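Enquirer: With the sequence up front, the predicted model follows.
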Amino acid sequence: MKQFGGPAAFIDRNDINTDEIIPAKYLTEITKKALQPHLLEDLHLEGQKFDPYGPEMQSAKALVTRANFGCGSSREHAVWALEVNDINLVIGESFARIFRQNMFNCGILAVELSKADLDRLFALKGQVSIAVDLEEEKLTAASGGATVECSFTLNPFDKKLIGAGGWLAFADANY
């Protein structure tokens, strides 16, 4: 089974929309690979330092954000931009409904946590690595000697999609 997690990048803002995840000017690209260098390039975080080309983002396998991630248009390109950048896990308080389902369809795990649990993750200092136990529906974030453990829930179908590696793999195995 695919492993979820790894080095994490933190984006401390609500309502990050699909145009900020992948700018609309790249929607004419015909390959997912062409989207890769443009992930989050139009994201601006007031009062925060964020570099979409910096080492934190370049090594990230997981994103930790706030509420309503993936709002805006329901284009699948935004999820593809995460996928082609090897992001396999996004953690937030909530996700736009269609965006969340597109993540599962592409084999990317969307984990919803309470604001209190997110605050505990954001309080970690330094390079944070996150490990997920999909069967137990638990994640562990570690930085230095500090760890934060959180539980989450997935509906059985989404868990099957993720376990299979996304919708196409699930369909191939089951139909």
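Expert: That came through fine.
Enquirer: Nearest the geometric middle of this protein, what residue?
Expert: By C-alpha atoms, centre = their mean, the mean C-alpha position of the chain lies nearest to V90, the distance being 2.2 Å.
Enquirer: SS state for the closest residue to that residue other than its chain neighbours?
Expert: Nearest in space to V90, with sequence neighbours left out and distances taken as C-beta to C-beta, 6 or more residues apart in numbering, is L63 at 4.7 Å. From N, CA and C alone the C-beta is placed, and that goes for glycine too. Using DSSP: H, G, I helix; E, B strand; the rest coil, the structure places L63 in strand.
Enquirer: Ramachandran coordinates for T140?
Expert: Dihedral angles of T140 (phi, psi; degrees, to the nearest 10) stand at phi -130, psi 130.
Enquirer: Could you do I30 as well?
Expert: Here I30 shows phi and psi, under degrees, to the nearest 10, equal to phi -100, psi 0.
Enquirer: Next, count neighbours for it.
Expert: The criterion is other C-beta atoms under 10 Å. On that basis, I30 has 6 neighbouring residues.
Enquirer: How confident is the prediction for it, by pLDDT?
Expert: As predicted, I30 sits at a pLDDT of 90.
Enquirer: isn't the residue nearest to the centre of the chain right up against L109?
Expert: Yes: when contacts are counted by C-beta atoms under 8 Å, V90 is listed as touching L109 (7.4 Å).
Enquirer: Common neighbours of the two, please.
Expert: Shared contacts of V90 and L109, defined by C-beta atoms under 8 Å, 6 or more residues apart in numbering, are found at M103.
Enquirer: related to what we said a few turns ago, do you know how far the residue nearest to V90 is from G6?
Expert: In this structure, L63 and G6 are separated by 11 Å, where distance is defined by C-beta to C-beta, to the nearest Å.
Enquirer: again, but for A141
Expert: Noted for A141: a distance of 11 Å to G6, by C-beta to C-beta.
Enquirer: Between these two, which is the more surrounded one?
Expert: In this view A141 and G6 are compared by other C-beta under 10 Å, and A141 has more residues nearby, 23 against 17.
Enquirer: Just list what the helix or strand containing the more buried one packs against, helices and strands only.
Expert: The secondary structure element spanning A141 is strand 138-143 (assigned by DSSP states H and E). Strand 138-143 is packed against strand 129-133, strand 146-151, with contacts defined by 3 or more C-beta pairs under 8 Å, 6 or more residues apart in numbering; DSSP states H and E.
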